Every structure is written in C-alpha cells, then in structure tokens.
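> I would like to see how this sequence folds:
(4 chains)
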4 protein chains.
Amino acid sequence: MSAPTIETLCERLRAFVTERDWDQFHAPKSLAMSVTIEAAELAEHFQWLPTGAPEELVPGQTVKIGEEMADVLLYLIRLADKLDIDLPAAADRKLDLNAIKYPVAKSRGRSTKYTEL
Amino acid sequence: MSAPTIETLCERLRAFVTERDWDQFHAPKSLAMSVTIEAAELAEHFQWLPTGAPEELVPGQTVKIGEEMADVLLYLIRLADKLDIDLPAAADRKLDLNAIKYPVAKSRGRSTKYTEL
Amino acid sequence: MSAPTIETLCERLRAFVTERDWDQFHAPKSLAMSVTIEAAELAEHFQWLPTGAPEELVPGQTVKIGEEMADVLLYLIRLADKLDIDLPAAADRKLDLNAIKYPVAKSRGRSTKYTEL
Amino acid sequence: MSAPTIETLCERLRAFVTERDWDQFHAPKSLAMSVTIEAAELAEHFQWLPTGAPEELVPGQTVKIGEEMADVLLYLIRLADKLDIDLPAAADRKLDLNAIKYPVAKSRGRSTKYTEL
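Purely as a prediction, here's the structure:
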C-alpha cells in the first residue's frame, strides 16, 4: 500500500472530526496550542537522554515516538485546513527562503542563527 | 506544479543539510527540541486572540503562520528521517488508533480525553 | 506557616536531587527542555476551553493546575541554580525592562508586541 | 537590596497590568499559552548545544537566559494570580508529592518516570 499524502490525511481527519461533531472545538488558537502540547509529548521521550540517538532508545520506543510525531502532524494538518493554508506548498517555499537566509558559504558547519551570520 | 510530498520534502531537506554540513548538529534530542520551539513560534500568532479565526488575523498574517507551520513540519520530517520513522504511515496508523480510542458513540460532541470517557 | 521563598524551594530541591543522585541528569539543556514539557502539561488544562476562566474549570481542577504550575516553577528554579542565575532578581529587572519596552502612553489597552508599537 | 518574593513580584505585575489596562487580554488560556511560548524562547538558547553547561555559553548569554526565565516566571505568577492559586505553597506541596512518587530507595541514580518505577 502506498503512503498517504498530506491531502489524504487531511481528508481522513475531516471525516473523523465530522463524525464526532468536533469541529466546534477546533478554534485555530486551540489547534495551535494542541501542536505545542503534542510537540512537548514528543520531546518527553528525549528529556533525560544525552542525544536521543537510536542506540539510546529502549526497544519499542521508536513506535511510541512515531505516534507522538503523528499527533503533531495531524494537528498541524488540521490547523492548515481551518486556515486554508496549503501546508506542503508552504514547506516547499520555506525551504527556498531558508536557502536564502542561510547561504552555503556563510553557514557551512555553523549552527549560528541567520540574524547573527 | 503539483504539491511536494513528505518524501520530496525529506529529500530536499537532506540535500540542504548536507550542503551546509549541518548533520553534526542534528541529534534527535535537538531536533525534538526544535519542533517545540517552532510550535511555540506558531502559537505566538494566536497568543492574545480570542479564537484565532481568520477574521481576527491581520492581512498577510496567514502567510507568516504558514511559514511557522512549515518550520514545525520540516523539523518533524528531519527527525523522522534521523530515526528511520515513516511519518505518513505513522500518521495513518495514529488515525486508526484514535478511531478506537474515541468511538463515535462515546465521544460525539464532547472534548473529553479518552482516558476519562 | 509562612510561604516558602524561591531560595527555600531551591534548597529543598538541591537536597531532593542530592538524595537521589539526580544531579548527573540535570544538564541545563535537559532542564530547559523540562520547563517546556511541564509548561505544555499546564497548557493541556486549557486546550479545549474558550478562555480558561475559573467558571469553565471542573471542581478540583485548580489543584491539578497548581501542581503543573509547581512543576514549571521547580524546573525553573533548578535551572537557575545550575547556571548561577538569581531568578527573583532577574524577574525584578525584567519588569523594569518591560516598563521601558511598553510605555504606558503607547501600550495602554493594546496587546501589540513592543517591536511593532 | 533584598530579593523580591513571589508576592512582591505579583504585586508589581498587577500594577503594571492595571496601568496598561491589559487585564482584558489575560484570559487564563492565553496566559498558559504565554508560559509555553516563553519556555520555548528559553529553550532556544540550548537548541544546538550539547548540554548547555556554562562553558558552552557565549559571554553575556546567561543574562539573556535570565531574562527568558524571568518571562516564564512572570507569566506563571500572573496566571496563579488570575486563578487564585498560591504558587509558592503549591510548589512546596509538589515537592512533598514528588518525595512520595520517587522514594530514594527506588529512584536513586535513575531517571525513570515514577509510573515505570
């Protein structure tokens, strides 16, 4: 079976929300807050690890981490849908912007923020 | 032009990172932290708004919000790549799990967490 | 009994950590990450509420919210201790700075960020 | 000059907010969101560092870190005030609870969550 696209996930989410009559709860502010909450649940897996490299994880932890990443992605897709934002196109454009903000010559091998390059 | 898939974005990110020799900074712990940081920058747009509905936003703000959402998505894709997690498949599976955790009959019209349903 | 000061809480935390030999886990990066994780657990209480005003909360929820707030505060105090930062003095100074960034005449009744005032 | 207590900071914040007529913006949900936003700005200082130990920081960075910590603390104090929560007492009680959740014998030298001890 082929991987679902962001569009397919968006459609599944819409159906899920409609069936449960949950659209009433999905104010963009609440969805943005949900993205930060799920992002923190993802971060919790790495809280006390030195680097989070695969060899530091316990067996089965990658599956759990994948579930938390999925939650972040799903709320992100839902928020994009509510605000009529084309998320894949925005990500593509952001990569173009980042290439300008971080020219290879200036940023190679450095983690400095673009405002201080 | 058709929308990029998560796979395409992942490929672009890899090339971007390799060109800048940034892989050395991309410990999973740092990437997970980056997801929370970008999620908070997204949340900042909604901080003082009542609900964040489109009519509360100033002109041009949706573009900025799209850029912050893109940052969250890009770090998420990067982290998935580093941990060898199939992000679209994980999201698809999470939706299946959520359908079990939140049966329509019990959760319809209610925002209660599944642990308290 | 009088309320504990930040200094007293800092002392109690130090003893708590020493007894458990937990100082080895308390890298500033991990403590800063912990502050965001606990902040998100606090936010979870307000995720689906319109405003979070006391009348929207269920009985006993304020106690739970207080516990999450305590977690944020305790990690904050612990991080300050590890970096030798005088947290109460820093907060006092930040209020002075904010008074300059947000002059009453310009910011009265407006939620605009100081960079756009 | 002696360090300000949480009570003193709370009083200063109240005056600050009243002068600017900002109480109208301080819904608990927005304040809780603000705690996560400021926590992420604090985390940003440690994003690409291995551990965030003092020797990894650039000169002057501790002052900046102190300012971000102050922002987290100030929003926390403000939220406690709005919900009538005694923050220092809650922190004191939380330390008592933690001592029960993490008995020395079981948790010594281990970063395991209490639910898995």
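
> any part of the host helix or strand of residue A:9 near chain B?
Of the helices and strands defined by DSSP states H and E, residue A:9 is found in helix A:6-20. Yes. Helix A:6-20 is in contact with chain B by Cβ under 8 Å from any Cβ of the partner chain, via A:6-7, A:9, A:12-13, A:16, A:19-20. Every residue, glycine included, has its C-beta placed from N, CA and C.

> closest one to chain C out of the residues you listed, please.
residue A:20 (12.8 Å; Cβ to the nearest Cβ).

> shouldn't that closest one be in contact with residue B:108?
Yes. Taking contacts as Cβ atoms under 8 Å, residue A:20 lies within contact range of residue B:108: 5.4 Å.

> can you list contacts of stretch A:21-29?
With contacts defined as Cβ atoms under 8 Å, 6 or more residues apart in numbering or on different chains, stretch A:21-29 is touched by A:16-17, A:78-79, A:82-83, B:46, B:49-54, B:107-109, B:111, C:48, D:29, D:33.

> buried residues, that stretch. List them.
The neighbour-count check on stretch A:21-29 (16 or more other Cβ atoms under 10 Å in any protein chain shown) flags A:22, A:25-29 as buried.

> now it: mean pLDDT?
Here stretch A:21-29 scores 97 as its mean pLDDT.

> end-to-end on that stretch?
End-to-end span of stretch A:21-29 (Cα to Cα, to the nearest Å): 18 Å.

> then stretch A:101-112?
Using Cα to Cα, one end of stretch A:101-112 lies 11 Å from the other.

> what about it, average pLDDT?
Per-residue pLDDT over stretch A:101-112 has a mean of 93.

> number of residues surrounding residue A:10?
By other Cβ atoms under 10 Å in any protein chain shown, the residues close to residue A:10 number 16.

> that one touches residue A:77, doesn't it?
Yes. With contact defined as Cβ under 8 Å, residue A:10 counts as touching residue A:77 (5.1 Å).

> after the one helix or strand residue A:43 maps to, which helix or strand is next?
Counting by DSSP H and E, the element that carries residue A:43 is helix A:28-44. Once helix A:28-44 ends, the next helix or strand along the chain (criterion: DSSP H and E) is helix A:61-82.

> what about the helix or strand following that following helix, near chain D?
Next helix or strand after helix A:61-82 toward the C-terminus (DSSP H and E): helix A:87-101. No. If you take Cβ under 8 Å from any Cβ as the test, helix A:87-101 misses chain D, and the best it gets is 15.4 Å.

> where in chain A is pLDDT low?
Along chain A, segments meeting pLDDT under 70 span A:1-2.

> again, only using 50
Across chain A, nothing is flagged by pLDDT under 50.

> residues of it that sit close to chain C?
For chain A, the contact set with chain C under Cβ under 8 Å from any Cβ comprises A:25, A:30, A:33-34, A:36-37, A:39-41, A:43-44, A:46-48.

> ranking by neighbours, what's the top pick from those?
That'd be residue A:39 among the residues of chain A next to chain C, by other Cβ under 10 Å, with 35 neighbours.
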